[in-house]
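Engineer: Turn this into a structure:
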Amino acid sequence: MKGQRYFTDEELKEMGRRTLDVLIEAIDAGYKEKAKELAQRMYKEFNYLHDGYFTWVTGLQTYIYEKLGVDAVEEAERFAHTIESKIAFIPSGKTDFRERVIDMLGGLRGHLQPIEIKEDDEKVTLTMKPCGSGKRLIQKGGYEAGLARVREPHRITWGMKDFPLYCVHCPVMEALGIESTGDFAFCRFVSDPVGEEDCQFVFYKDPVDIPEEFYTRIDKKKPAV
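Structural biologist: Take a look at the predicted model:
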């Protein structure tokens, strides 16, 4: 109601503070339960934006796909990720193997899902359980709600039909990586249909061991040994 005061000045000041700052204060003061409560609050705040953005992005992709077609989606994705790599990511070609794995984990943890990590003589494998964006969008019913799937096989769908539109950024980023560094930073193992099983991010210690199919599915050629 006009003229009625709903918040005190102290409440307004406190509500405008970053949850991170309040959380650190609670930890420093030894307030364990308060810190746990604030950690959960921060998780919910970030997850709200996280899920909102991947839905928003897929809505924009859907508009492009339905109005202009799959090639326009690829063009838009290439443009967006080229800008993104200049601002947000360290090019994989400028880091060693260990750093590439650690950098990737730093990004994947931003999806707020558990990650299973395994290493053998040939590779390191990261598995989000589940994928915090593409698979969760499927699980949340995004495509039933009106988001598009790419109906036709294409290099940005790894040659699959009815491909979840949000997930096309993965084939595009693979192609951009090869074009800029000469090879994969890591390979994605996915199910067909995508999202039926958890996707895996596989870092081969020797690029020679990368199966040729990972190149051909995005219209690339495996470099000669």
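
Engineer: For the rest of this, base every contact and every neighbour count on C-alpha atoms.
Structural biologist: Noted.

Engineer: centre of the chain versus the biggest helix by length in the chain, how much separation?
Structural biologist: Longest helix of the chain, by residue count under DSSP state H: helix 32-68. Centre-to-centre, helix 32-68 and its host chain are 11 Å apart (C-alpha atoms, centre = their mean, to the nearest Å).

Engineer: Same question for stretch 7-20.
Structural biologist: 32 Å.

Engineer: Residues contacting it, please?
Structural biologist: L38, R41, M42 (C-alpha atoms under 8 Å, 6 or more residues apart in numbering).

Engineer: separation between G177 and P211?
Structural biologist: 16 Å (C-alpha to C-alpha, to the nearest Å).

Engineer: So which other helices or strands are in contact with the longest helix of the chain?
Structural biologist: helix 19-28, helix 70-87 (3 or more C-alpha pairs under 8 Å, 6 or more residues apart in numbering; DSSP states H and E).

Engineer: Pipe the ones you listed into JSON lines and attach mean pLDDT and mean neighbour count per row.
Structural biologist: Compiled in JSON lines, the helices and strands packed on helix 32-68 are given as follows (pLDDT from 0 to 100; neighbours: other C-alpha atoms under 10 Å):
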{"stretch": "helix 19-28", "mean pLDDT": "98", "mean neighbour count": "15"}
{"stretch": "helix 70-87", "mean pLDDT": "91", "mean neighbour count": "15"}
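
Engineer: how close does the residue nearest the centre of the chain get to V202?
Structural biologist: With distances taken as C-alpha atoms, centre = their mean, the chain has S133 as the residue nearest its mean C-alpha position (5.8 Å). Separation of S133 from V202 (C-alpha to C-alpha): 18 Å.

Engineer: isn't V70 right up against V150?
Structural biologist: Yes: between V70 and V150 there is a contact under C-alpha atoms under 8 Å: 7.2 Å.

Engineer: Within its local environment, how many residues does the nearest residue to M128 once chain neighbours are set aside see?
Structural biologist: Excluding the flanking residues, the one nearest M128 by C-alpha to C-alpha, 6 or more residues apart in numbering is I115, at 4.4 Å. Neighbourhood size, I115 [other C-alpha atoms under 10 Å]: 19.

Engineer: what residues are up against I115?
Structural biologist: R109, L126, T127, M128, K129.

Engineer: Pretty sure Y65 sits against A72.
Structural biologist: Yes: the pair Y65 / A72 is scored as a contact, 7.0 Å apart, by C-alpha under 8 Å.

Engineer: what residues do those two have in common as contacts?
Structural biologist: With C-alpha under 8 Å, 6+ apart, Y65 and A72 have no common neighbours.

Engineer: gap between the closest residue to K205 other than its chain neighbours and V101?
Structural biologist: Nearest residue to K205, sequence neighbours excluded (C-alpha to C-alpha, 6+ apart): K123, at 5.4 Å. Distance, K123 to V101, using C-alpha to C-alpha: 11 Å.

Engineer: Quick check: phi and psi at the residue nearest to M128.
Structural biologist: In terms of degrees, to the nearest 10, the main-chain angles of I115 are phi -130, psi 130.

Engineer: Now do stretch 150-166: distance from first to last residue.
Structural biologist: Stretch 150-166: ends 10 Å apart by C-alpha to C-alpha.

Engineer: That one: which residues count as buried?
Structural biologist: 150, 154-166 (16 or more other C-alpha atoms under 10 Å).

Engineer: can you pull the pLDDT of I117?
Structural biologist: pLDDT, I117: 98.

Engineer: Wasn't it part of a helix?
Structural biologist: No: per DSSP: H, G, I helix; E, B strand; the rest coil, I117 lies outside any helix segment and is strand.
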